[in-house]
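Enquirer: Kindly generate the corresponding structure for this input.
(2 chains)
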There are 2 protein chains.
Amino acid sequence: MDGIVSSWSSEDYDKKNIELCVQEIKEEFGQQFSNSKSILEQHTHTMTIHESELPDGVVFVESKEDVQKVVKICKKYKCPIIPFGIGSSFEGHLNAPYGGISIDMNNMNKILKVYQDDLLVVVQPGVTREQLNTHLRDTGLFFPIDPGANASIGGMAATRASGTNAVRYGTMKDNVIALEVVMPDGQIIKTANKARKSSAGYDLTRLMVGSEGTLGITTEITLKLYGIPEVIAGGRVSFPTVKDATDTVIMTIQAGIPVARIEFMDLAQVKAVNNYSKTNLPEAPLLLVEFHGSESSVKEQSELFGEISSDFGGADFEWTSNNEERNKLWKARHDAYWSCRAVRPEASLYSTDVCVPISKLSDCITETIEDMEKNELIGPIVSHAGDGNFHVALLIDKNNKNELDKLDSFLTRISERAIRMDGTCTGEHGVGQGKRKYMLKELGNAVDIMKQVKNAFDPNKIMNPGKLFL
Amino acid sequence: MDGIVSSWSSEDYDKKNIELCVQEIKEEFGQQFSNSKSILEQHTHTMTIHESELPDGVVFVESKEDVQKVVKICKKYKCPIIPFGIGSSFEGHLNAPYGGISIDMNNMNKILKVYQDDLLVVVQPGVTREQLNTHLRDTGLFFPIDPGANASIGGMAATRASGTNAVRYGTMKDNVIALEVVMPDGQIIKTANKARKSSAGYDLTRLMVGSEGTLGITTEITLKLYGIPEVIAGGRVSFPTVKDATDTVIMTIQAGIPVARIEFMDLAQVKAVNNYSKTNLPEAPLLLVEFHGSESSVKEQSELFGEISSDFGGADFEWTSNNEERNKLWKARHDAYWSCRAVRPEASLYSTDVCVPISKLSDCITETIEDMEKNELIGPIVSHAGDGNFHVALLIDKNNKNELDKLDSFLTRISERAIRMDGTCTGEHGVGQGKRKYMLKELGNAVDIMKQVKNAFDPNKIMNPGKLFL
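Expert: The predicted structure follows:
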């Protein structure tokens, strides 16, 4: 256990060396390099409450050879490297607490090849999920993972992203077949070939997915694709209590209904939507569902779900397989973000994320609502209920120290609550800087094992330092 | 990259120290220890062509504390440890090429807790999959992974096992939520809590699944469960060519039919079954399918599959949702193993396993059949076709050097063929001793990265040495 990275400190990096490194990268990359203030700021200003910590320069890479070149130069000077995709991270993943080089992957945005018969696609990391699905439109295939933002596939892999339809299609962990990665020593590896399953050695693909740029930089990603469903049905139903809604979710999954999306909204979120979208939803906890399949299959799924929800007091269940009508039923979900902002327009929105076993979802949400009431915090809740994952969209005045303090202690309580209920402090946003302090409580000495991996791969501590654990 | 394990050699282990280690374990464990010849032999004699290499002793552990005690003693003497489940491995995973202690997990066979609402179960590693499903019968839930043998859950996790219904339910990689592991330094970690998804740090669960006992010893496993389908339908259809059958598989998956099993048999396998089971199946490539769902859903799936197979020349498609009739239709698959043995009763059966992208499955199977014809080898083929995974059941006289040589070069060709087609030398059996020599060809320098992980976790090289890579 000797030689394990126990933490990072500014003493690990030499300011002079970083300057030399930036200089060499600037000379090497010319127009592909920038250290203008606004560019530096853009590369840390993400959807987060974390204060920006600027890098010393940004390189806009165009190929894996570019990435390799940057890594080799940075290795020479022990200079930090922070991979940057779209910048939609919530947890300060993109900050440069020890300076260094932000490596912008957006120009590596080619969809390299669609393997129609194998339901696979190979993309560069800068491809966004909307770009990918637009490209796939004529193939009859689609990539289902939808974390909300139009994130880059590389960023989604790095944070093990998921979103509304993970309940049916899984997360990035389940949908990345193989990666090409530039390792911290500059060598390029492929983690697997293109078979849909393999028992050939350690699962390096899954080790890289969710490693938040701390173990290497992904330069190519092979993803699973799915046939676009023949019919998509959507539905909506209100419940007397949070527990009635989550019991409906549990029973739906136990009954084997292959629900594609099952989203929960709490009372505060429903009120926010009514107010913003001028709708008349019952002021009560809400479930929104989506079913994929044939006409008769989505009908059967919808009706069965209707029966289950009615057993738990669900009222006014409506469903449709008409696209336009479905979008109307789901409007509440689509408007969730903007309706939250409208609750307190002058405030900043900070979205946090925890995930618990489904049996604990109701308790965890209920206690969290009580917590916010008691502490005078405003935070509507939406939940990917089928996974036990939920988000609180906290509306905070960033310039008010008292509010920031209240937020901080709330975040500790909600994370510890989820952990106490045998869950995790992050179901899909990742650890970044923000959730590092909960890792030990959640995983105990397994964090030391993570540090062993980190130390083995990146003894120079150049890959995205200051993230993932303390 | 200094200090990386490049291989094992007998010089890594001191015979005297191993003797001292065995003595200490004997004294510590008393009746739980044995080094009788027959017990030693039982712990390496597996379903394999690999010659037995005996350990120096076997410990029958009963708790994680026992496991921890063994690991700590073995660490002190740098003595190899080989974890043993049921012994159904094909690739020599259980051999002790450098001697040491075989650690028998079969007495750790408690089903610790079923979490009905969360569709989870926590088991000890010695629980077998049949034991688990018997236990679950009254809950309406089941654990789907079925690698054929009544393997232990610990062994299945260690080899990243899958089987006939991976096409719908995934492999062990997809169905293990969390592990408790005794690490090579003796500390006990849990890799995750019980949330169905998490983005909290490196995916140690997936790193351990498939690591073949080379990174630690699993003492507790949390698994996903599924609702037992309301109705199960089965079907059977013959095709003019291998390609017609695999094209049907591709189209079935592209159409989004959630087929639960889709198994292929080649001509030789069909003939073997006709001969053994006195059936009259058309002497042609065969697909067997299974559908899970409601009565109307399995009807729809079956009929749609029937249409697709008919487009590719499929003849006499039959299907049923009656259990007894279904078992009759599927009898060919259930009899596959024994029908193979009957082709050459005096021979040993060695099952090899490769996996390719589905678009390559037809080519890979066809070339493999031609290869066997040319080299006068007998090896009926069954395939988990939905995953691109297939098995050749080679019938070999183990006492005939010429046959063993022919087998050896065939195994090299089939593995290299799969790799050339962008697939893997093992889809579900694991690497063990037998497939180590193909790892470099398949994964190149990624094997060095695996060695970095191994070296970081197990610098004393005590965990199942001589497996997974050269």
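
Enquirer: can we go C-alpha only for contacts and neighbour counts from here?
Expert: Noted.

Enquirer: got the buried residues for stretch A:364-374?
Expert: A:364-365, A:368-369, A:372 (16 or more other CA atoms under 10 Å in any protein chain shown).

Enquirer: If we check chain B, which of those are in contact?
Expert: Among those, no residue sits close to chain B (CA under 8 Å from any CA of the partner chain).

Enquirer: Kindly reformat those residues as TSV containing distance to residue A:78.
Expert: Listed next are those as TSV, based on distance: CA to CA, whole Å:
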residue	distance to residue A:78
A:364	43
A:365	44
A:368	43
A:369	46
A:372	44
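
Enquirer: Which one of the residues you listed is nearest to chain B?
Expert: Nearest to chain B among these is residue A:364, at 12.5 Å by CA to the nearest CA.

Enquirer: contacting residues for residue A:183?
Expert: Contacts for residue A:183 were tallied using CA atoms under 8 Å, 6 or more residues apart in numbering or on different chains; they are A:189, A:215-217, A:457.

Enquirer: about what we covered before: please convert the buried residues of stretch A:364-374 to CSV, extending it with distance to residue B:92 and secondary structure.
Expert: Shown next, in CSV, are these (distance: CA to CA, whole Å; DSSP: H, G, I helix; E, B strand; the rest coil):
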residue, distance to residue B:92, secondary structure
A:364, 47, helix
A:365, 49, helix
A:368, 52, helix
A:369, 55, helix
A:372, 57, helix
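
Enquirer: Which single one of the residues you listed is nearest to residue A:109?
Expert: Nearest to residue A:109 among those is residue A:365, at 38.7 Å by CA to CA.

Enquirer: which residues make contact with the helix or strand of chain A with the lowest mean pLDDT from outside it?
Expert: When the helices and strands of chain A are scored by mean pLDDT, DSSP states H and E, helix A:331-334 comes last with a mean of 92. With CA under 8 Å, 6+ apart as the test, helix A:331-334 has contacts from A:270, A:273, A:277, A:288.

Enquirer: dump the residue contacts of the residue of the stretch 301-450 of chain A found nearest chain B.
Expert: Closest residue of the stretch 301-450 of chain A to chain B, CA to the nearest CA: residue A:427 (4.1 Å). Going by CA under 8 Å, 6+ apart, residue A:427 touches A:353-355, A:389, B:195, B:197-200.

Enquirer: which ones among the contacts of residue A:183 are found in helices?
Expert: The helices in this structure, assigned by DSSP state H, contain residue A:457 from the contacts of residue A:183.

Enquirer: Show me which of the contacts of residue A:183 is closest to chain B.
Expert: Using CA to the nearest CA, these come closest to chain B at residue A:189, 5.4 Å.

Enquirer: near chain B too, which of the contacts of residue A:183?
Expert: Among these, proximity to chain B is found for A:189, A:457 (CA under 8 Å from any CA).

Enquirer: how does chain A divide into domains?
Expert: Domains of chain A are assigned by automatic domain parsing as A:1-228, A:230-430.

Enquirer: Of those, give the one that comes closest to residue B:423.
Expert: Using CA to CA, the nearest of the domains of chain A to residue B:423 is domain A:1-228, at 4.8 Å.

Enquirer: Which residue ranges of the stretch 51-200 of chain A form strands?
Expert: A:57-60, A:81-84, A:101-104, A:111-115, A:120-123, A:141-142, A:176-182, A:188-190 (DSSP state E, counting those that start in this stretch).

Enquirer: Looking at those, which one is packed in the most?
Expert: strand A:81-84 (a mean of 28; mean count of other CA atoms under 10 Å in any protein chain shown).

Enquirer: what comes into contact with that one?
Expert: Against strand A:81-84 from outside (CA under 8 Å, 6+ apart): A:43, A:71, A:74, A:94-96, A:100-106, A:155, A:213, A:217, A:462-465.

Enquirer: now do stretch A:275-293
Expert: Residues contacting stretch A:275-293 (CA under 8 Å, 6+ apart): A:229-242, A:245, A:258-267, A:270-271, A:273-274, A:298, A:301-302, A:330, A:332-333, A:335, A:338-339, A:342, B:256.

Enquirer: what separates it from the chain centre, distance-wise?
Expert: Relative to the centre of its chain, stretch A:275-293 is centred 23 Å away, using CA atoms, centre = their mean, to the nearest Å.

Enquirer: Same check on stretch A:183-200?
Expert: Worked out by CA atoms, centre = their mean, stretch A:183-200 lies 23 Å from the chain centre.

Enquirer: If I look at the closest residue in space to residue A:168 that isn't next to it in sequence, what pLDDT would I see?
Expert: Leaving aside its sequence neighbours, residue A:168 sits nearest to residue A:260 (CA to CA, 6 or more residues apart in numbering or on different chains; 4.9 Å). Residue A:260 is assigned a predicted lDDT (pLDDT) of 97.

Enquirer: confidence score at the residue lying closest to residue A:255 once chain neighbours are set aside?
Expert: Spatial nearest neighbour of residue A:255, chain neighbours left out: residue B:227 (6.0 Å); criterion: CA to CA, 6+ apart. Here the pLDDT value assigned to residue B:227 is 94.

Enquirer: I'd say residue B:227 and residue B:138 touch.
Expert: No. The criterion here is CA atoms under 8 Å, and residue B:227 misses it with residue B:138 at 11.3 Å.

Enquirer: And these two? Which one has more around it.
Expert: Between residue B:227 and residue B:138, counted using other CA atoms under 10 Å in any protein chain shown, the more crowded position is residue B:227 (18 against 9).

Enquirer: now the more buried one: how far from residue A:256?
Expert: Applying CA to CA, to the nearest Å, the value for residue B:227 to residue A:256 is 6 Å.

Enquirer: and the longest helix anywhere in chain A, which residues are buried?
Expert: Longest helix in chain A, counting residues (DSSP H): helix A:401-420. For helix A:401-420, the neighbour count (16+ other CA under 10 Å) marks A:403, A:407, A:410-411, A:414-419 as buried.

Enquirer: Kindly report the same for stretch A:71-79.
Expert: Applying a neighbour-count criterion of 16+ other CA under 10 Å, one finds A:71-75, A:77-79 buried in stretch A:71-79.

Enquirer: Give the bridge partners for residue A:102, please.
Expert: Per DSSP bridges, the residues bridged to residue A:102 are residue A:58, residue A:82.
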